[in-house]
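Asker: The sequence and its predicted three-dimensional model are supplied below.
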Amino acid sequence: MTDPIVFVPGLMQDARSFLPQMVGLGTQRAVQVVLPVADTVERNSEAVLAGAPARFALAGHGLGGIVALDVIRRAPDRVSSVIFLATDPLAEAPQVAAAREARMIAARSGRLLQAMSEEVPVVALFDGDDRAAVLALAEDMALGLGEGVFLRQSRALQRRPDQQKTLRRTLLPALFLAGAFDTVVPLRRQEFARDLMPNSVLKVLEHAGHLPMLESPEEVTRAIEQFLSGPMILR
């Protein structure tokens, strides 16, 4: 039986962030999206588990990947495999949290798009033909979710737990997908996470940055499909 897959988008993203993968994988398995809109990682992981099937594959980007880590910490027996995109397993450093606070002030002042341009600067994406369209979609998703969601998600990121122990203890098959041009969660941080997790592999996407599921949608969909349906290739 093919397990359904639950997608958890990242900061200020709605279901459209994973739409190419939902379309591509939806012919083979049930798909579901849970937006992490609460103000702690723990509340968001509770929401995923409350709405998810009894057993499922899990994919998360950024904040969604951090929530996925907490899901497997809480209920590893319910997750069959996990895909992380642009996911940082460490707690937020004080200086990063302080910079995030400044972006939250900007959002409260009606400058949400400015805050988002600092969260995901243009240089964090691959300089390809679709970069302007990807940025436009990111802005539209952010405006649709609004200031309140930004503030709650920002708090969740600031307060997120360190999940190194979770990675070390988890024996689930895991796939890390990293954009080569990601400056928000650099490749070395994603390699670090991969190295902590016993049954994991990392694929670097050469024509993507921080939003690989939108920048290289076909490659990401293909990588997830092969990972979920094929034998696990261990390091």
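Answerer: Ah, there it is. Numbering: from 1, shown residues only.
Asker: shaky segments in this protein?
Answerer: Within the chain, the ranges that satisfy pLDDT under 70 run 1, 231-235.
Asker: could you pull out the helices for it?
Answerer: Secondary structure of the chain by DSSP state H: the helices cover 19-25, 41-51, 63-74, 94-108, 112-119, 131-158, 164-169, 187-196, 212-215, 217-229.
Asker: who wins for proximity to L175 among those?
Answerer: Smallest distance to L175 across these (C-beta to C-beta): 4.4 Å, for helix 217-229. The C-beta positions use only the backbone N, C-alpha and C, and glycine is treated the same way.
Asker: List of residues touching the closest one?
Answerer: Contacts of helix 217-229 with the rest of the structure, by C-beta atoms under 8 Å, 6 or more residues apart in numbering, involve 3, 5, 20-21, 24-25, 28-29, 57, 59, 81, 83, 85, 173, 175, 177, 201, 203, 205, 207-208, 212-213.
Asker: do you know how far the closest residue to L135 other than its chain neighbours is from G24?
Answerer: Excluding the flanking residues, the one nearest L135 by C-beta to C-beta, 6 or more residues apart in numbering is V122, at 6.6 Å. Here the criterion is C-beta to C-beta, to the nearest Å. By it, V122 lies 27 Å from G24.
Asker: in the sheet, who's paired with the residue nearest the centre of the chain?
Answerer: In the chain, the C-alpha nearest the mean C-alpha coordinate belongs to H61, at 0.9 Å (C-alpha atoms, centre = their mean). With DSSP bridges as the criterion, the beta-bridge partners of H61 are L85.
Asker: now swap in F56 and tell me
Answerer: Under the criterion used here (DSSP bridges), F56 is bridged to V79.
Asker: How many neighbouring residues does it have?
Answerer: 23 (other C-beta atoms under 10 Å).
Asker: same thing with P121?
Answerer: There are 14 residues near P121, going by other C-beta under 10 Å.
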